[in-house]
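In: can't give you the sequence, but here's the structure:
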Ligand code: HEA
Ligand code: HEA
Ligand code: CUA
Ligand SMILES: [Cu+2]
């Protein structure tokens, strides 16, 4: 009776293992690693399947013997215990065979690893910097630089609105790359360790503050590929996705031109003088994308972790002090130097917003030119 | 697990009531204390796992905020590893090692008491961080710098000291076990006649003494980086955040074998008893255990394949890691050979042991897959790993502990547990645990990172199934609590031998084992 | 409940461990509280309880030993216990030595562009050149000078080595039941130990006031003070234990064939000695 139950349970597990292998039976459920879209990712996938099948075959062998024994060598069937309990020959055999199998696995693994780590002869380089909780991309050759932040609305996260197909996988500024170019990624971090991972590329690489780790890819198909930060990096670790768009060479050049035009427009904005209402309106949106993750949308912060802006001595005190902490951050805390991240107009707007929102009503106004002067 | 010993010939002056437990120097009392402490911590850590599974039941933020979610993940990992599994194993060692080698007690009984009584204080310090301003530790049980140094809540300093205390306790406990094994064996009990449970614990104790001080070192550096301006883990000062991981995993990898080797020992006791056949390949089992222990010191960076180590390092750690499959293979094959042509019955302890062999092997296979560095670039920090380590820890270490408790509880309490309830507990757990953790392989491969409170929609179905399995598994453990209490309170009287064909000195003393056993050492043939 | 018939000594239930736990908990919780700006009173109270516990516990052990309750087997347990305890201390120091080697062989060269970290240097720390000693590319803690090997450290090496000799001399005297030389040998050892400590205090003072070298001087300062500091702590502990042994010797507690406490402390002292040699070579000398 027990045996039959045991058998059923084991068959159930076994069935699940096989399902994982074939996958198709539940096509709508994700079950297996993605084969990815690059040469390397295919190699990684093949290696994964190879190791997987080796394990399945060995497992099948061992479990078959075990199950046979459990079925037949039982007291209720009148089995009489044998007395053997040692055999050096057998021990040597079952030490050697696994060893040889492992050597067989190590050879392709070594080849793939060497290919994966070979970042030489790249056509272009993109520096990726992890921040709590967003990514920054610097195109080293093209002088393009931008941040990439989650855009999924809070309403969807908190269940007040239905969730999109791409829930938690959308960003404001995706990283764009050309196809058929070997692209080298130079990955680092500004604060804690993050990990840049797009499964379709076949690898992830940690972003370690103070060091640069390298990775590379060469895509052949235009498309949108999504990934996530994979290393625990604090409160919003689950909310820092990656969107990578591969474009044909022409489209890519067009995108580069657009980026440069955009930068010019931002510089333009920084020279204007703004009204209080415009500053506060723009400041609110800057605040919600850049500051609310820590200081919270209502400005209350999280006690003991992130200070409140509402009623803060700095945000209601001297303007210079306030500008300072926003420009330079505070070393040794999570407060980043936003001077390096935002343009003068955005900075002026967000400071003005903080000084007038959440009941701070100081009435102060900070102009982009003030920021330029304070830098 | 306890009351049996109370109406024992109490000598004059021995305190009674609560003071008996606080001041005791008796290995059985202390073993009982360890086991209860571990069980309580298991329930607390398990309750935190329930918070995790409840939040992950559906996509979206439902129950807790992300920071608290991270705290739950961290505390769950810490409490299960340091509060539940390790103390439970030490509890088993305290009860069984002296009984199995024919010793009157542990070698250093007073220190034994201290090893235990540090634990509740460390536990209180750790759990108290949850109520401090800024919350408890929220950086994962691996507490990587600089998240745990510069960016961590204030309570982290309490966490650090709690780890110091845990380490201190473990080192003293381990020293005691080594001294006991080396110095307290009955005449004739040569090393190569020791039961495997004693052997595995002996080797585990060595691992503990070698790596717990390293853990103490790494938290000490965290403390100074946080409070005294040192730069161990900061590049600006010439240090390296990845250095933290090297030191941590130099401790951390042996740590996982610290949790599994005694489990191997338990399984090697249970299977021969219920197969009515001697353990196959006793000496190769001993050598395999020693090899695993040795290898565990030289594979640590397989947790760090994505940190940007030099390629040569990655290759080395890949090869070394794969090697561990060889001695582990020997163990699995020897257990199989022990059952082969035996005369098996399937009482509850045997059920746990057999399921251990199956499910641990599955966990071992996924471990081997992750040891393959280029593929680990995909697996790393996903639910595939969560699935791996729950197969080796829950269906490995924890199932072995359950097996051990059913196997030896008649000896501890003098009562047989209720066989029917034991079987129900087993089947309920064995099925639900697979519903809980098997789907995590799928979502992990499909790309769900670990330690996230919310996920994108393609992972929703399997997460829901996993959560349902989790709730079922959790309830099964409350049922276990009931079985234990029932057994302590009463039940069929256990014989001296308890199990028909069990071998070993513990089965030569009455059940319950008298408060002092082997005052005169038994003679071992 | 005490001795088993004709066998191994099993102690009575004891309240010392729980007092130790309370003391440890109070001390550490007080320390954390102190780090967060609280008063140091809780911490000191904890330390006092711990010291009280040590006196009480060891006092009990000494009493039991003097009244002849311990046999050879108990003695052996103590030996294994002390031996493995020292091994755990070895591993504790190994962690810090490992960190020193890692910094010197890997992290600092990497920041300077070695190995697969060319871009680390080029993009993040272009002005940094790897060398030892260093306070890192961020110049953490400001300018400093390193501690030379051939002044106080060399003298301290001699001091510790001689103290190893004097403690061996004392042991030899003990085995010959020569009390005069035993006491003299121990006295010399204790004196050398405290001399070492005073010189180290002076060295630290010199580092902080004249060399600009502090715990915050980047990785050099961190490893320097961590290694020498923990070693100094162990010397303090060892010298204190030697002092206790000295007092016990004067009281006549040891006999030629029964003096495990003496040996345990001597082992410990030799261990502290060997660690120092490692320090002298890798922290002070080879730069
Ligand atoms: C009890 C605990 C335990 C045990 C026993 C193991 C056993 C193993 N583990 Fe696991 N591991 C953990 C606990 C454990 N692990 C934990 C907790 C983590 C995560 C930590 C964290 O990040 O939080 C982890 C993570 C982890 C990683 C890091 C993944 C990553 O973060 O990227 C790796 C990588 O190599 C790994 C490998 C292995 C291997 C090769 C074994 C081997 O020992 C397995 C050997 C067993 C077998 C292989 C099966 C039986 C053998 C046969 C039937 C014979 C024949 C087989 C062949 C020849 C193929 N483990
Ligand atoms: C050492 C042993 C151990 C054990 C036994 C377990 C047991 C369980 N673990 Fe876990 N786990 C770890 C060690 C362990 N774990 C570690 C080391 C991590 C990594 C942490 C990190 O990332 O830093 C982890 C992480 C981890 C995660 C990933 C979290 C994340 O990445 O964010 C999850 C998610 O499902 C999980 C679930 C569970 C569940 C459901 C159980 C169940 O088996 C628990 C069952 C027990 C009970 C439930 C208790 C009894 C019941 C009650 C008290 C009553 C309440 C019951 C109900 C309401 C039903 N664990
Ligand atoms: Cu960034 Cu996780
Ligand atoms: Cu490991």
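Out: Looks like it came in fine. Worth saying up front: this structure is predicted, and the values here are computed from it rather than measured. Ligands and ions are numbered 1, 2, ... in the order given.

In: OK, contacts around residue C:207?
Out: C:147, C:213, C:214 (CB atoms under 8 Å, 6 or more residues apart in numbering or on different chains). In short, each C-beta sits where N, CA and C put it, glycine included.

In: and which of these is nearest residue C:244?
Out: Among the contacts of residue C:207, residue C:147 lies closest to residue C:244 (CB to CB), at 32.0 Å.

In: dump the residue contacts of the closest one.
Out: Residue C:147 neighbours (CB under 8 Å, 6+ apart): C:153, C:203, C:207, C:211, C:213, C:224, C:284.

In: where does the third one land in three-state SS?
Out: Secondary structure for residue C:207, judged by DSSP: H, G, I helix; E, B strand; the rest coil, is helix.

In: can you tell me how far it sits from residue C:157?
Out: Residue C:207 is 18 Å from residue C:157, where distance means CB to CB, to the nearest Å.

In: same check on residue B:283?
Out: 47 Å.

In: who's more crowded, those two?
Out: residue C:157 (20 against 11; other CB atoms under 10 Å in any protein chain shown).

In: work out for me the element the more buried one sits within.
Out: Residue C:157 is part of helix C:152-175, with elements assigned from DSSP states H and E.

In: what of residue A:215?
Out: strand A:213-217.

In: now do the contacts for residue B:506.
Out: B:96, B:99, B:100, B:408, B:411, B:513.

In: top of those by neighbour count?
Out: Top of the contacts of residue B:506 by neighbour count (other CB under 10 Å): residue B:96, with 29 neighbours.

In: now the helix or strand it falls within: mean pLDDT?
Out: Residue B:96 is part of helix B:86-101, with elements assigned from DSSP H and E. Taken as a whole, helix B:86-101 has a mean pLDDT of 96.

In: and what of stretch B:200-215?
Out: Mean pLDDT, stretch B:200-215: 97.

In: report whether it contacts ligand 1.
Out: No - Stretch B:200-215 lies out of reach of ligand 1 by CB under 6 Å from any ligand atom, never closer than 11.6 Å.

In: neighbouring contacts of that stretch?
Out: B:89, B:93, B:97, B:163, B:167, B:170-171, B:173-175, B:177-178, B:181, B:194, B:247-248, B:250-251, B:254-255, B:257-258, B:261-262, B:264-265, B:268, B:289-290, B:293, B:296-297, C:84, C:87-89, C:91-92, C:94-95.

In: which residues of the chain score low on pLDDT?
Out: Since you didn't name a chain, this refers to chain A. Within chain A, the ranges that satisfy pLDDT under 70 run A:1-29.

In: wrong one, chain B
Out: In the predicted model, chain B carries pLDDT under 70 at residues B:1-14.

In: swap the cut-off to 80 and go again
Out: Scanning chain B with the threshold set as pLDDT under 80 gives B:1-15, B:519, B:525.

In: center of it - which residue?
Out: Centrality entry for chain B: nearest residue to the mean C-alpha point is residue B:85, 2.9 Å, by CA atoms, centre = their mean.

In: look up which helix or strand whichever residue of chain A sits closest to ligand 1 falls in, please.
Out: Of all residues in chain A, residue A:98 sits closest to ligand 1, at 3.4 Å by CB to the nearest ligand atom. Per DSSP H and E, residue A:98 falls inside helix A:88-116.

In: hmm, who's touching the helix or strand following that helix?
Out: Remark: after helix A:88-116, the chain's next helix or strand is strand A:124-131, criterion DSSP H and E. With contacts defined as CB under 8 Å, 6+ apart, strand A:124-131 is touched by A:135-141, A:147, A:175, A:177-178, A:181, A:183-194, A:196, A:207, A:212, A:229, A:233, A:240, A:336, A:341, C:123.

In: which among these end up buried?
Out: Listed as buried from the contacts of strand A:124-131 are A:135-139, A:147, A:175, A:177-178, A:181, A:183-194, A:196, A:207, A:212, A:229, A:233, A:240, A:336, A:341; burial here means 16 or more other CB atoms under 10 Å in any protein chain shown.

In: for residue B:17, see how far away whichever residue of the stretch 201-350 of chain A sits closest to chain B is.
Out: Residue nearest to chain B within the stretch 201-350 of chain A (CB to the nearest CB): residue A:210, separated by 2.2 Å. For residue A:210, the distance to residue B:17 (CB to CB) stands at 57 Å.

In: ok, now residue B:249?
Out: Distance of residue B:249 to residue B:17, given as CB to CB: 45 Å.

In: which one's more surrounded, the two?
Out: Neighbours per residue (other CB under 10 Å) separate residue B:249 from residue B:17, with residue B:249 holding more: 20 against 7.

In: and the more buried one, what element?
Out: helix B:241-275.

In: from the contact counts, what lies against that helix?
Out: With contacts defined as 3 or more CB pairs under 8 Å, 6 or more residues apart in numbering or on different chains; DSSP states H and E, the packing partners of helix B:241-275 are helix B:86-101, helix B:196-227, helix B:282-296, helix B:325-339, helix B:348-371, helix B:383-392, helix B:399-413, helix C:72-102.
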